[in-house]
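Asks: attaching a predicted model along with its sequence, questions to come.
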Amino acid sequence: MRLIYHDQQPDPEGVYKKLDKKGNFVSDSEMLKSAIFELLVGRSYSDYYDAISSEKKAEKEKVIAKSLLDEYESLASKMRGDSELKNKSFLQTELQQKEVQLEKLHEGRNSFKRNRGDSSQSSSEIDSTKSRIMDLELKNSDLGEKLVQLYDERYRLVSLKTETVREIGQIQKVIHTHDQLNLFSSDTCPYCLSKVNRVAGHCVCGASIEEEQYERFFYTSQEYNQILKSKLKSLKTMELALEGCNEDIDDIHKAKEASNLELPILRGKFQKLLSQIDQMIDLETINDIDDKILDIRQDIAELMQAIELESKLGKLQTAYDAKRKTHRKWELKRRELELKAQKDIETKVKSFSEIYNDLMVLTLANCRSARIDSDNYMPLINDGEYREASSLVPIRLMYYLSLMELSLAEDDVAFPKFLLVDTPETAGIELDNLKNCLSKFENLEESGKDYQVILATGLGKYPENLKANRVLFMPDKSHSLLKLRN
């Protein structure tokens, strides 16, 4: 309505209707005013602004995906330590090689064990100690895998919590905006804002419609607050889950520390027991085999952990690549539409300026030329040098009339072919000049197309030729504002 409603102002300087409430700089900025003009006049700007919105959304999703990838890469780097960076394919090949080596070492050790004769008490203790060492190694491996899963779960919860906090902030803004600008409800006309006694199961316009489908487009502050409570409850649940995840991570770290303290003691005991064996066996070879078995088991555990990390990184990388491609697609689409929209708006500005120049030369005596600025679409009279206060009414009124004439002349202009003009005789314009300005509205009939102009003026402050268009005359007895009693 900013360029459809020519409102009454004591000082009509400026073209756009001002906001009823000034609470947001952006909502009354030059950028938004330019966007209003472009959407109402430009053919391609609606698609262009949709593309901007889609590009921004895709960019946000890409940034989130990249953030998750970077965080997980940082975690993988810390867990990898000084190990060489390898992808999943190379890690799986190396794992297969390690498993083959482990199998051969077990076969070799079993061969030595068969040649040792009867087991002694010392041999039993050696086997028990060795079994305990292996159990701890496997336990550490399992703890490492669980730790990776918990880190993955924690990052997922952190991401969900961040998104939920952002949604809560948006809902709170919606609640504030709804409370400030509660313009519409299911029983209010969206055009005149009057109360409508709407029949259940019917739209405001009278058409039949399912009540549930109708009502879902309207929300009250109470409904928004219910949505907000649900989001806050979800946030609390996420915080509890995150707290529990952190506790599990701490427990695993403590368990690994306990295992790492016990392992050196057991290895020392194992070496001591081996040194006490009196049988004629190749102790050095068995010790070497056991050491290699333990080392390879540790290598296998680390490789499995690295493969799991790389698998998750691969999924995150794939997700990021998909978001990056989507963002790039919308970026190219936005650029394409931007060029198309700019070319279209240049043509529209030229056509608008031609109409505006013709009207201003006929309604403002000192006007030699008139056009609109190609950057902010504001009027420029005599290239911006004309500053007389008496020109404010025709400058503003002819701007609105030019919009109407342009929409009637070109079918691809989105302007709705409707004007609401409230008392243009402000700023002390002379009556003859006012009538001259209003007479230009007669030219709209030449288009032969449907349009509507609702114009409110003072008594007799309009051309005689427009008298036939008068629909409401206040001094008439049937429309008196006051009725005196005898």
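Replies: Thanks, I have it.
Asks: domains in the chain, by residue range?
Replies: 5-41+388-479, 119-185+220-278 (automatic domain parsing).
Asks: kindly reformat those domains as TSV containing mean neighbour count, mean pLDDT and distance to residue 52.
Replies: C-betas here are computed from N, CA, C, even on glycine. Output for the domains of the chain, formatted as TSV (neighbours: other C-beta atoms under 10 Å; pLDDT from 0 to 100; distance: least, C-beta to C-beta, whole Å):
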stretch	mean neighbour count	mean pLDDT	distance to residue 52
domain 5-41+388-479	15	82	10
domain 119-185+220-278	14	79	18
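Asks: which stretches of the stretch 1-150 of the chain form strands?
Replies: 5-6 (DSSP state E, counting those that start in this stretch).
Asks: can you give me the helices in it?
Replies: 30-41, 45-80, 88-114, 121-180 (DSSP state H, counting those that start in this stretch).
Asks: in TSV: those, plus distance to residue 439.
Replies: Below are these laid out as TSV (distance: least, C-beta to C-beta, whole Å):
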stretch	distance to residue 439
helix 30-41	25
helix 45-80	33
helix 88-114	80
helix 121-180	41
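Asks: list the buried ones in stretch 352-367?
Replies: 352, 353, 355, 356, 357, 358, 359, 360, 362, 363, 364, 367 (16 or more other C-beta atoms under 10 Å).
Asks: confirm that the third one lies within a helix, as I assumed.
Replies: Yes: Residue 355 sits within a helix when classified using DSSP: H, G, I helix; E, B strand; the rest coil.
Asks: one step back: looking at the helices of the stretch 1-150 of the chain, which is nearest to residue 252?
Replies: Taking C-beta to C-beta, helix 121-180 is the member of the helices of the stretch 1-150 of the chain nearest to residue 252, at 5.1 Å.
Asks: hmm, residue 360 is touching residue 368, no?
Replies: No: using C-beta atoms under 8 Å, residue 360 is not in contact with residue 368, being 9.5 Å away.
Asks: I'd like the domains of the chain as TSV, with distance to residue 331 appended.
Replies: Shown next, in TSV, are the domains of the chain (distance: least, C-beta to C-beta, whole Å):
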stretch	distance to residue 331
domain 5-41+388-479	20
domain 119-185+220-278	23
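Asks: which one of these lies nearest to residue 71?
Replies: Of all these, domain 119-185+220-278 comes closest under C-beta to C-beta, at 6.0 Å.
Asks: next, residue 378: phi, psi?
Replies: phi -90, psi 150 (degrees, to the nearest 10).
Asks: cool, and residue 448?
Replies: Dihedral angles of residue 448 (phi, psi; degrees, to the nearest 10) stand at phi 70, psi 10.
Asks: would you mind measuring from it to residue 355?
Replies: Distance, residue 448 to residue 355, using C-beta to C-beta, to the nearest Å: 17 Å.
Asks: these two touch, right, residue 106 and residue 296?
Replies: No: the pair residue 106 / residue 296 is not scored as a contact, 10.0 Å apart, by C-beta under 8 Å.
Asks: so which of the two has more stuff around it?
Replies: Each of residue 106 and residue 296 has its neighbours counted (other C-beta atoms under 10 Å); residue 296 has more, 21 against 13.
Asks: which residue, neighbours along the chain excluded, lies closest to the more buried one?
Replies: In space, and not counting its chain neighbours, residue 296 is closest to residue 102: 4.8 Å by C-beta to C-beta, 6 or more residues apart in numbering.
Asks: neighbours around that neighbour, how many?
Replies: Residue 102 has 17 neighbouring residues, counting by other C-beta under 10 Å.
Asks: just checking, it touches residue 298?
Replies: No: the pair residue 102 / residue 298 is not scored as a contact, 10.9 Å apart, by C-beta under 8 Å.
Asks: and the nearest residue to residue 61 once chain neighbours are set aside, what element?
Replies: Nearest residue to residue 61, sequence neighbours excluded (C-beta to C-beta, 6+ apart): residue 323, at 4.9 Å. According to DSSP states H and E, residue 323 maps onto helix 283-363.
Asks: which strands and helices sit next to that helix?
Replies: Secondary-structure packing of helix 283-363 (3 or more C-beta pairs under 8 Å, 6 or more residues apart in numbering; DSSP states H and E): helix 30-41, helix 45-80, helix 88-114, helix 121-180, helix 221-275, strand 370-372, helix 392-409, helix 431-439.
Asks: what is the distance between that helix and the centre of its chain?
Replies: 15 Å (C-alpha atoms, centre = their mean, to the nearest Å).
Asks: what does stretch 35-50 give?
Replies: Worked out by C-alpha atoms, centre = their mean, stretch 35-50 lies 20 Å from the chain centre.
Asks: centroid residue for this structure?
Replies: residue 57 (4.2 Å; C-alpha atoms, centre = their mean).
Asks: per-residue confidence at it?
Replies: Residue 57 carries a pLDDT value of 92.
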